[in-house]
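Asker: Below are the sequence and a predicted model for it; my questions follow.
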Amino acid sequence: MPNALPDQAKRNPTQYNIEAIAKLEQDALKRRTAAERISETIAKFIGSVAFLLLQILLVLAWSAINLNLIPGVKPFDPFPFGILALIISSESVVLTIFVLLSQNRMTRQAERRSHLDLQVSMLAEQELTTMLEMQRKICQHMGVDIASSNQELQGFADATDVHKLASELEDKLPEQ
């Protein structure tokens, strides 16, 4: 039998599937470029509580210094803190780019998963259609009367036209 499942998949299909999914994820992580790894590391850090606390501490210290609240430290950016505003604005642009880079990679990965899901679903549908057709022929050969449920079975036994299904779904879904 071509493409038969490995023995491990037959013995423990759940564990086999978990390992297959984990391998797909590891492969996706290995395919990342250096720039993607760096941007994801930065995006992960800027989404942390540590970064939030660091930002709050920076603004509080900057404000305290420049409002002359710390004796012996000369203010260098008087209110309304133009230099701080420039730094924060520039930082937000750069950080937004890192987040977008990370999101773009995750979107590409999600699209690949979605295409894989669709392919597996289409294969499963084709296999089930073939099995139903085989069962129908076996019933006919054995003389089993399936006429009462034949129309329903025939609906399932017909191959699914993905394009027709997508078009019908598009027509029924609400506009965004």
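Answerer: Nice, I can see it. Numbering: from 1, shown residues only.
Asker: Where do the helices of this protein begin and end?
Answerer: Along the chain, the stretches classed as helices by DSSP state H are 7-11, 13-30, 34-46, 49-66, 82-142, 147-157, 162-172.
Asker: Quickly, which of these bottoms out on average pLDDT?
Answerer: In terms of average pLDDT, helix 147-157 trails the rest of the helices of the chain, at a mean of 65.
Asker: returning to that earlier point: of the helices of the chain, which stretch is the most buried?
Answerer: Mean neighbours per residue, mean count of other C-beta atoms under 10 Å, is largest over these for helix 34-46, with a mean of 15. Any C-beta I mention is one placed from the backbone N, CA and C, and that applies to glycine too.
Asker: That one: how far from the chain's middle?
Answerer: Computed by C-alpha atoms, centre = their mean, to the nearest Å, the chain-centroid distance of helix 34-46 equals 17 Å.
Asker: Residue 75 is nearest to which of the helices of the chain?
Answerer: Closest approach to residue 75 among the helices of the chain is made by helix 49-66 (4.5 Å; C-beta to C-beta).
Asker: just checking, residue 98 touches residue 37?
Answerer: No - in this structure residue 98 lies outside contact range of residue 37 using C-beta atoms under 8 Å: 11.7 Å.
Asker: Quick check: nearest residue in space to residue 68, chain neighbours excluded?
Answerer: For residue 68, the nearest residue in space outside its immediate sequence neighbours is residue 75; the separation is 5.3 Å by C-beta to C-beta, 6 or more residues apart in numbering.
Asker: how close does the one you found sit to residue 99?
Answerer: 33 Å (C-beta to C-beta, to the nearest Å).
Asker: what do you get for residue 6?
Answerer: 40 Å.
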